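# what shape does this take:
(4 chains)
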Protein chains: 2
Amino acid sequence: MTTIRDVARHASVAPMTVSRVINQPETVAPETRRRVELSIEALHYVPNLLGQGLRFKRTMVIALVVSDISNPFAIKQILGASNAARDQGFNVIFAHTSASPTEELAQLRSLVERRVDGVVLSPVLNTPDTTDFLQKQGLPVTIMDYPMPENDVDTVRCDSISAARGLTEHLLALGHSRIAMISGPESIVTARERADGYAKAMRASKLEPLVVFSDYSPEGGYRVAHELLSASTRPTGLVTANNFIALGAGRAAIDLGLTIPDDLSIATFDSLSPDSVLDPFFTGVVQPVEAIASRATTMLIERIRGEYTGAGRDVVLPSTLEIHSSTASAPPL
Amino acid sequence: MTTIRDVARHASVAPMTVSRVINQPETVAPETRRRVELSIEALHYVPNLLGQGLRFKRTMVIALVVSDISNPFAIKQILGASNAARDQGFNVIFAHTSASPTEELAQLRSLVERRVDGVVLSPVLNTPDTTDFLQKQGLPVTIMDYPMPENDVDTVRCDSISAARGLTEHLLALGHSRIAMISGPESIVTARERADGYAKAMRASKLEPLVVFSDYSPEGGYRVAHELLSASTRPTGLVTANNFIALGAGRAAIDLGLTIPDDLSIATFDSLSPDSVLDPFFTGVVQPVEAIASRATTMLIERIRGEYTGAGRDVVLPSTLEIHSSTASAPPL
DNA sequence: CTGTTAGCGCATTCAT
DNA sequence: ATGAATGCGCTAACAG
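Numbers count the residues shown, from 1 in each chain, chains lettered A, B, ... in the order given. You can find the predicted model right below:
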C-alpha cells in the first residue's frame, strides 16, 4: 500500500510537503501542490490513519456499544449516534454485547485497544464496573438509558418509573382493574424500574400489583402471558416491559382464542414503529431513542474536546404515550 | 494513557520483555513474567493496537458494509459476519451507506484510511467502481447479494431469478392469473432480476407480466399497490421484491377494504421472521442471510491469510419458499 | 532469557 | 515555501 513517502518520491518533494498538501493545502505553493495532488491520484494514495492516530493521540473515532442489536431500538441508537458524530467530524464504530456482561467487558477492552476517543454505552447492567474500567483509562464515557448512581458520569435517559405509571394509568382509565405486568430480567434496572412504576400506579388505585419478571424476548412474553391468561380470573390488561415481550404476549392471547383489544388490552414499553407491525399495533411508551443517542454523542464529544470537564450530568428526556389498537375499555367482568 | 514503556519501567525490564509477556508469555522466565503481569495490572495497561497495526501492517479488523441498516436483513448480516470473524480472531467494524453510492465510497475510503484488512460489501449498485476502488488498494473484498459480472471478485448470493420464479409459480399454482409485481428501483440489479424471474414465470404460463418499479420502502409499496388495486380489474396476487414493499402493499389492501389472503394474496422476497409480525404473516422467499454473511466473511479471511489467491469465486446458496397466511387460492373472478 | 536497535506512517518543530 | 530530524507505541531481528 502506498505511503506518504512513495508519493513524495513520485512528486520529487519531501514527505512533509505531501502531508501539508493534505492537511493545510494553503501553505504549499500552487504548482507544488498540483504536482503532489497528481501523484496522490496516480498512486491511489490514501492516508494511513493509524500513523496519524499514533502521532495525534486521537483517532476521531467514538464507539457506540449496545446490548442487543436485533432490537429495532438499536437501529435508532445507531442512526442517532452516527449522525451526531458525523456532524462533529467523528466516525462511529458499533459493538454489541449480546446482553452479556462478560462480552461487554471484552468489547470495551477491544475498543480501548483500538484507542477510540470515547464511548457511548448502553450497558447490560447498571453496575459501576464497566464505567469504572473506561474511566480508569481516562476515556470519556456517556451512558444511555440507565441512571448510574454509583458513578460520576454523564447519563442520558428517560424516566422509566413515571413512564410505567403513565402506561398503567392509561389502562386504569379505561376501566381495567385486573392488570398484570410482565417485566424483563430482575437483574436489569429498567426492568425493575418499569415494574416499580406499574406497582406504584396500581397501589395508588388501591389495587394489588402482579409482576412477573421474565426476559426481554417473545418466548419469555409468550410463556408468562400464556400462564397468566390461563388462570381462572385472568387479567384484562397487560403491561409489558418491552416490545418483544408484547409480541410474545400478543401471540399467546391469540393462541388462547382471546381477541385484542376486546378481551385483552396490552400496553407496552418501546412500542414499535408502524412500519414494522400491521395489526394489532401496540399502545405504548415511545422513547425518543434517536434523540437520546444523539444527545449522548454530543455530550461525549464535548468531553473529548475538553469543552466540558465538570461533574457527571444526568439528562432526562421525556417519553410519550402513543395510543393505538391494542388497548380498549375493559370488558364487563 | 499508559504505554508499554511505562510498564517496563515499573517492572524494571525492557519494553521488549513486556511485549513478549503479552504475545509469547512462554518465552519469558516465570518470575519476570509475573512481575510484568503485576505491573500491567497495577497500571491498567491496555496495548495500543494502533502501534501494533503500524508495525504488523495488519489490524485484524474487517469491515462489513451494508446499505440499509434499518432492514432486519442487515442485523442478520451483522450477526453472521461477526460470529464468523470472531472465530478467526478478527474484529468487525460496520458501516452503512444509506443506499447512497456517494456515501458508500466515502465510507469505503474511511475504512481504507483505517487500514482494515478486508471488506465484506453488500453494494448499493453492482457497478464495478466500488470493487475496483478497494482492489486497487490491494484490499481483499467479498461481495454479498449481487453477481458482479465485471469484476474478478468473490461473491456470495442467492439466485434471485429462480427465487422470483418460484414465488410467482406458487401464486400460479393457487389459481391466480392476475398477478402483478412491485419491484425496487430499476437501477438495482436484484430489483431487475426479481422482476425478470417473475416475468419468466408469467410468460411460461402464457400470462402478461405487469411490473412496476418503485423503491424498497413501505411508502413505495403502499403507493403502487394502492394504484394497482384501485384499477377496474385489480390483481388477485401480488409479488413484491422485499418485505418493506410487502408491508406497504398490505396496508394499502387493508385501507381499500380488501382482506388478505381472501381477496388478495401477497408473496414477497425477504420475508420477515415470525418474531416481527403477527398477522398476516407473509408467504415469501427466505434467503439464508446469516449464512451468506458468514460464508462471505470466511472467504474474505481466506484471502487475507493468503490461503486462497485464485480467481473470483461465485457462491450461490439456495433460498427457500416459506408459505404462510398471506397467500391462498385465487378468489372466483 | 533479556536487552538494543531500528522502522512501520505520520506530523510537529526547527532549520533553511 | 520546503526540508530534516524526531518521536508517537509497538515488535522483528539481532546481540548479549
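
# is DNA strand C contacted by the helix or strand A:Arg35 falls within?
In the assignment (DSSP states H and E), A:Arg35 maps to helix A:30-43. No: using CB under 7 Å from any atom of the strand, helix A:30-43 never reaches DNA strand C; the gap is at least 10.4 Å. Where C-beta positions appear, they are placed from N, C-alpha and C, glycine not excepted.

# that helix vs DNA strand D: in contact?
Yes: Helix A:30-43 lies within reach of DNA strand D by CB under 7 Å from any atom of the strand, at A:Glu31, A:Thr32, A:Arg33.

# CA atoms of that helix as PDB?
C-alpha atoms of helix A:30-43 as PDB (Å, rounded to 0.1, in the frame of the first residue of the first chain):
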ATOM      1  CA  PRO A  30       0.100  26.200  -6.000                       C
ATOM      2  CA  GLU A  31       2.300  24.400  -8.600                       C
ATOM      3  CA  THR A  32       4.000  22.200  -6.000                       C
ATOM      4  CA  ARG A  33       0.500  21.400  -4.600                       C
ATOM      5  CA  ARG A  34      -0.800  20.500  -8.000                       C
ATOM      6  CA  ARG A  35       2.200  18.200  -8.700                       C
ATOM      7  CA  VAL A  36       1.600  16.400  -5.400                       C
ATOM      8  CA  GLU A  37      -2.100  16.100  -6.000                       C
ATOM      9  CA  LEU A  38      -1.400  14.400  -9.300                       C
ATOM     10  CA  SER A  39       1.000  12.000  -7.700                       C
ATOM     11  CA  ILE A  40      -1.600  11.200  -5.000                       C
ATOM     12  CA  GLU A  41      -4.100  10.500  -7.700                       C
ATOM     13  CA  ALA A  42      -1.700   8.400  -9.800                       C
ATOM     14  CA  LEU A  43      -0.600   6.200  -6.900                       C
END
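
# give the residue spans of chain A that score low on pLDDT.
A:272-280 (pLDDT under 70).

# what ranges do the strands span in it?
With DSSP state E, the ranges of strands along chain A come out as A:61-66, A:91-96, A:118-121, A:141-144, A:154-158, A:179-183, A:211-213, A:237-240, A:265-269, A:283-286, A:314-317, A:320-322.

# excluding its backbone neighbours, what's nearest the residue nearest the centre of chain A?
Most central in chain A under CA atoms, centre = their mean is A:Gln77, positioned 4.6 Å from the mean C-alpha point. Using CB to CB, 6 or more residues apart in numbering or on different chains and skipping the chain neighbours, the partner closest in space to A:Gln77 is A:Ala293 (4.3 Å).

# number of residues surrounding the one you found?
31 (other CB atoms under 10 Å in any protein chain shown).

# could you do A:Gly312 as well?
14.

# show me what contacts it?
A:Met148, A:Asn151, A:Asp152, A:Val153, A:Asp154, A:Thr155 (CB atoms under 8 Å, 6 or more residues apart in numbering or on different chains).

# need the contact list for the last one.
Contact criterion CB under 8 Å, 6+ apart gives A:Thr142, A:Ile143, A:Met144, A:Tyr146, A:Pro147, A:Met148, A:Gly312, A:Arg313, A:Asp314, A:Val315 as the residues in contact with A:Thr155.

# if we can go back for a sec, is the helix holding A:Arg35 up against chain B anywhere?
No: with CB under 8 Å from any CB of the partner chain as the criterion, chain B is not reached by helix A:30-43; the gap is at least 10.0 Å.

# what packs against that helix?
helix A:4-11, helix A:15-23 (3 or more CB pairs under 8 Å, 6 or more residues apart in numbering or on different chains; DSSP states H and E).

# and those: which comes nearest B:Ala253?
Between B:Ala253 and the helices and strands packed on helix A:30-43, the shortest gap by CB to CB is with helix A:15-23, which sits at 55.6 Å.

# if I look at the residue nearest to A:Thr259 when sequence neighbours are not counted, how far off is B:Ser265?
Leaving aside its chain neighbours, A:Thr259 sits nearest to A:Ala253 (7.9 Å; criterion: CB to CB, 6+ apart). In this view, A:Ala253 and B:Ser265 are 26 Å apart by CB to CB, to the nearest Å.

# ok, now A:Pro128?
55 Å.

# can you check A:Thr142 too?
49 Å.

# contacts only, for whatever residue of the stretch 201-333 of chain A ends up closest to DNA strand D.
For the stretch 201-333 of chain A and DNA strand D, the shortest gap (CB to the nearest atom of the strand) falls at A:Ile304, measuring 17.1 Å. By CB under 8 Å, 6+ apart, the contact list for A:Ile304 reads A:Arg58, A:Ile62, A:Asp117, A:Gly118, A:Pro140.

# chain neighbours aside, what residue packs nearest to A:Arg313?
A:Asp154 (4.9 Å).

# what about the one you found, neighbour count?
Going by other CB under 10 Å, the residues that sit close to A:Asp154 add up to 25.

# show me what it bridges to in the sheet.
A:Asp154 has these beta-bridge partners by DSSP bridges: A:Thr142.

# how close does it sit to A:Pro147?
Here the criterion is CB to CB. By it, A:Asp154 lies 12 Å from A:Pro147.

# ok, A:Ser230 next?
Distance of A:Ser230 to A:Pro147, given as CB to CB: 36 Å.

# now A:Arg34
A:Arg34 is 57 Å from A:Pro147, by CB to CB.

# more crowded one of the two?
The residue with more neighbours, out of A:Arg34 and A:Pro147, is A:Pro147; 17 against 13, by other CB under 10 Å.

# excluding its backbone neighbours, what's nearest A:Asp159?
In space, A:Asp159 is closest to A:Val316, 5.4 Å off (CB to CB, 6+ apart).

# so that neighbour bridges to which residues?
Bridge pairing for A:Val316 - DSSP bridges - gives A:Arg157.

# A:Pro15 - how many residues pack around it?
Applying other CB under 10 Å, I find that A:Pro15 has 14 neighbouring residues.

# for it, what are its contacts?
So, once contact is read as CB under 8 Å, 6+ apart, A:Pro15 ends up touching A:Ile4, A:Arg5, A:Val7, A:Ala8.

# please identify which pair of those residues lies farthest apart.
A:Arg5 and A:Val7 (7.2 Å).

# just want to know which of those two has more residues nearby.
Taking neighbours as other CB under 10 Å, A:Arg5 and A:Val7 compare with A:Val7 leading, 26 against 11.
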